[in-house]
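J.: okay, here's the prediction I keep looking at, along with the sequence it came from:
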Amino acid sequence: MERSRIVVIASILAALGAILPMLAAYYLSWSIAVRGEQARLARLADYAIMRADAALGEASRALKTADRFDMPPCMATHIAALRSLVVNTTAIEDIGYFENGLLRCTSWGYPPRRLTRSPPADFFASNGVEVIPRMYPTISTGAPMTAFRYRSYTVLTNPVRFVDVIAEPGTRLAVATKNGVLVSTLNDPDPSLTERLADLPKTGSNADDLFATSRDANWIAVATAPSIAILSDMDRERLLLLPGGALVAALMVGLVVWLSRRRLSPLGELSIAVQRREFIVHYQPLIELKTGICVGAEALVRWRRPDGQMVRPDLFIPLAEENGLIEEITDQVLYATVAELKSVLVADRSLHIAINLAADDLKSGRILPVIETALRNTGVLTEQIWLEATERGFMDVKSARATIEEARRRGHSVAIDDFGTGYSSLQYLQELPLDALKIDKSFIDTVGTDSATSSITPHIIDIAKSLDLYIVAEGIERQEQADYLIERGVQYGQGWLFSKALPAAEFIAFYNDSKRRLGAGPAVIRREIA
Ligand SMILES: Nc1nc2c(ncn2[C@@H]2O[C@H](COP(=O)(O)O[C@H]3[C@@H](O)[C@H](n4cnc5c(=O)[nH]c(N)nc54)O[C@@H]3COP(=O)(O)O)[C@@H](O)[C@H]2O)c(=O)[nH]1
């Protein structure tokens, strides 16, 4: 992914990481406050239902007691008994006796208007008592009463009793019969709620209010409070939750910054490339200089990034070596080489592929069993896999010697790469059982020039010859360099004069063409060491 895209995505994620936890904390504090307020309202509505049930219970008991009276109606004894019933209850204001729908007498005596009719009931309670939510008393001319009727008797109760609660300012309450006929209200609740009481859910809100309902077999109650009232509760919740939200936001932003910096750092990118196996291999032909025959190739790694950009190995190999990633890259190169060239290697035993080893590979020697595993069941011979290591790999002479000896015992040929550029020591050249020496391009570049290092090239060739090593010249770009090297007895060479490093299919075509035109090279390029 391009750096600019990573920066844009990381910035968006960081912004979301900062905003979302704060929004979540805000939402949480709001919903906790809403739930708290609705629970308080639900308790109020429950209480109103309880009060309504108490009034109904008391009225029902009085009505059924009166119904059992065995005395002539509206005589002094009857009226006294009715009065006694009223006096001995708390909820009942009056009780009246009706005959043929007309009021005959009440606990107060005889009605002033003889034609008071009993109105039709709005609701039948579950115990058979009829409920008339609004009925005007004949004795007093006060507010309408709620009436309960059973056969010939009707009791009046003050509906204010149902909503007689100590409520916080702004809290409103309404009680209705189960079929939604309003019985009593406190503080004028919103008609848009009381008009559809029977259909209201347990809790909810409208434009201005939060509400909670309660219901039983006979009654429905709704308690409401302005939504704005929860703001003070929210302040309390926010005080508790926002620091947590801010902490989570800071952690998320930190995480995004850390991940994106990791992704953007060269080492981070390389580690991810190793995990994702983003490496491919190109093969640079190795030429027998005298005949021009292609005898093999050097496997050279390339990092192909997801956007298709190709990264040169000298830009990432040193980083991989410093940070312990090189061994994994060596393994990926090895497995890719075997997979891509297996068939041509099996078909032609004179073909060799050189794998570059890093200093760590040589020091630990762990690469040898890895190669064994990679070649198992492929038909490729160990002799066909050459190993190359730079002079840095030979600094720990003891472990390098152990690895090279074991490599050769298994059949690999081993070359010293970039000779002359590092810590060259003639002594270790003599001590180590090497097969070939590769002269670095910087020396080949001086061939035919007057530069100070041009005089070194013949010495390197002489040293290699005196040690009986095969010689490979790197970076041959001009014919005169090739001629010079052939004249000096250098057997093998690589360079753009012959070919650049090629993808597998192109290298196989190059090799087959060389073989068709010039024949196969020597099957074994290996020094006899006693
Ligand atoms: N440990 C590993 N090191 C590796 C591996 N693959 C490569 N490398 C090392 O990276 C260095 C750069 O390699 P690269 O960019 O692939 O360059 C190689 C050739 O393409 C280049 N070359 C060859 N001929 C010419 C030429 O005529 N002109 C010219 N300008 N360049 C040329 O030289 C490089 C070959 O280097 P060498 O290995 O020394 O033969 C390089 O040090 C690689 O070793 C890997 O898998 N593991």
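T.: Now that the structure is in, tell me what you want to look at.
J.: which residues does Y97 contact?
T.: Neighbouring residues of Y97 by Cβ atoms under 8 Å, 6 or more residues apart in numbering: 66, 73-74, 78, 82, 103-106, 152-153. No exception for glycine: its C-beta is placed from N, CA and C like everyone else's.
J.: after the helix or strand harbouring it, next one along is what?
T.: Following DSSP states H and E, one finds Y97 within strand 92-99. Past strand 92-99, further along toward the C-terminus, the next helix or strand under DSSP H and E is strand 102-106.
J.: so what does the very next helix or strand once past that next one touch, helix or strand wise?
T.: Going down the chain from strand 102-106, the next helix or strand is strand 123-124, by DSSP H and E. Judged by 3 or more Cβ pairs under 8 Å, 6 or more residues apart in numbering; DSSP states H and E, the packing partners of strand 123-124 are strand 130-135.
J.: helix or strand with the lowest mean pLDDT in this structure?
T.: When each helix and strand of the chain is scored by mean pLDDT, DSSP states H and E, helix 230-264 comes last, with a mean of 73.
J.: surely P133 and D122 touch.
T.: Yes. Using Cβ atoms under 8 Å, P133 makes contact with D122 at a distance of 5.7 Å.
J.: show me whatever sits in contact with both of these two.
T.: Common neighbours of P133 and D122 (Cβ under 8 Å, 6+ apart) are 177, 181.
J.: up against the ligand, what does the stretch 301-450 of the chain have?
T.: Contact residues, the stretch 301-450 of the chain versus the ligand (Cβ under 6 Å from any ligand atom): 301, 312-314, 317, 330, 333, 356, 358, 417-418, 441.
J.: drop anything exposed from those.
T.: For those, a burial check counting by 16 or more other Cβ atoms under 10 Å picks out 301, 313, 317, 330, 333, 356, 358, 417-418, 441.
J.: how about JSON lines for those, with pLDDT added?
T.: Shown next, in JSON lines, are those (pLDDT from 0 to 100):
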{"residue": "V301", "pLDDT": "97"}
{"residue": "P313", "pLDDT": "95"}
{"residue": "I317", "pLDDT": "94"}
{"residue": "T330", "pLDDT": "96"}
{"residue": "V333", "pLDDT": "97"}
{"residue": "N356", "pLDDT": "96"}
{"residue": "A358", "pLDDT": "89"}
{"residue": "D417", "pLDDT": "88"}
{"residue": "D418", "pLDDT": "81"}
{"residue": "K441", "pLDDT": "93"}
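J.: and the helix or strand that contains P458, average pLDDT?
T.: Here P458, judged by DSSP H and E, is contained in helix 456-466. In this model, helix 456-466 has a mean pLDDT of 91.
J.: so how many other residues sit close to the nearest residue to R277 once chain neighbours are set aside?
T.: The spatial neighbour of R277 that comes closest, neighbours along the chain excluded (Cβ to Cβ, 6 or more residues apart in numbering), is Q332 at 5.9 Å. Each residue near Q332 was counted by other Cβ atoms under 10 Å, and the total is 18.
J.: from what I see, Q332 and F279 are in contact.
T.: Yes. Under the criterion of Cβ under 8 Å, Q332 makes contact with F279 at 5.1 Å.
J.: all helices for the stretch 401-530 of the chain, in order.
T.: Along the stretch 401-530 of the chain, counting by DSSP state H, counting those that start in this stretch, helices occupy 426-431, 441-444, 456-466, 479-487, 504-518.
J.: of all those, which lies closest to M22?
T.: For those, the distance to M22 is smallest for helix 504-518, at 54.2 Å, taking Cβ to Cβ.
J.: what helices or strands is that closest one leaning on?
T.: Applying 3+ Cβ pairs under 8 Å, 6+ apart, we find helix 504-518 packed against strand 279-288, strand 293-304, helix 326-347.
J.: buried residues, that helix. List them.
T.: Under 16+ other Cβ under 10 Å, the buried positions of helix 504-518 are 504, 507-508, 510-511, 514-515.
J.: which one of the residues you listed is nearest the ligand?
T.: Nearest to the ligand among those is F507, at 12.7 Å by Cβ to the nearest ligand atom.
J.: got a pLDDT number for that closest one?
T.: The per-residue pLDDT reported for F507 equals 98.
J.: tell me the contacts of the closest residue to it other than its chain neighbours?
T.: Excluding its sequence neighbours, the residue lying closest to F507 (Cβ to Cβ, 6+ apart) is Y283, at 4.0 Å. By Cβ under 8 Å, 6+ apart, the residues touching Y283 are 297-300, 337, 341, 353, 501-504, 507.
J.: neighbour-wise, which one of these leads?
T.: A297 (29 neighbours).
J.: pretty sure that one is touching I353, no?
T.: Yes. In this structure, A297 is within contact of I353 by Cβ under 8 Å, at 5.6 Å.
J.: now do the SS call for A225.
T.: strand (DSSP: H, G, I helix; E, B strand; the rest coil).
J.: where does pLDDT dip in the stretch 401-530 of the chain?
T.: Along the stretch 401-530 of the chain, the parts satisfying pLDDT under 70 run over 422-425, 452-454, 523-524, 530.
J.: so L341 touches I508, yeah?
T.: Yes. The criterion here is Cβ under 8 Å, and L341 meets it with I508 at 7.2 Å.
J.: around the ligand, which positions in the protein sit nearby?
T.: Within the chain, the positions near the ligand by Cβ under 6 Å from any ligand atom are 284, 298, 300-301, 312-314, 317, 330, 333, 356, 358, 417-418, 441, 474-477, 494-496, 501.
J.: at 8 Å instead, please
T.: Residues of the chain lying near the ligand by Cβ under 8 Å from any ligand atom: 281-282, 284, 298-302, 312-314, 317, 320-321, 326, 329-330, 333, 355-358, 361, 388, 390, 417-418, 438, 440-441, 474-477, 494-497, 500-501.
J.: tell me how far K465 lies from R526.
T.: Using Cβ to Cβ, to the nearest Å, we find K465 at a distance of 17 Å from R526.
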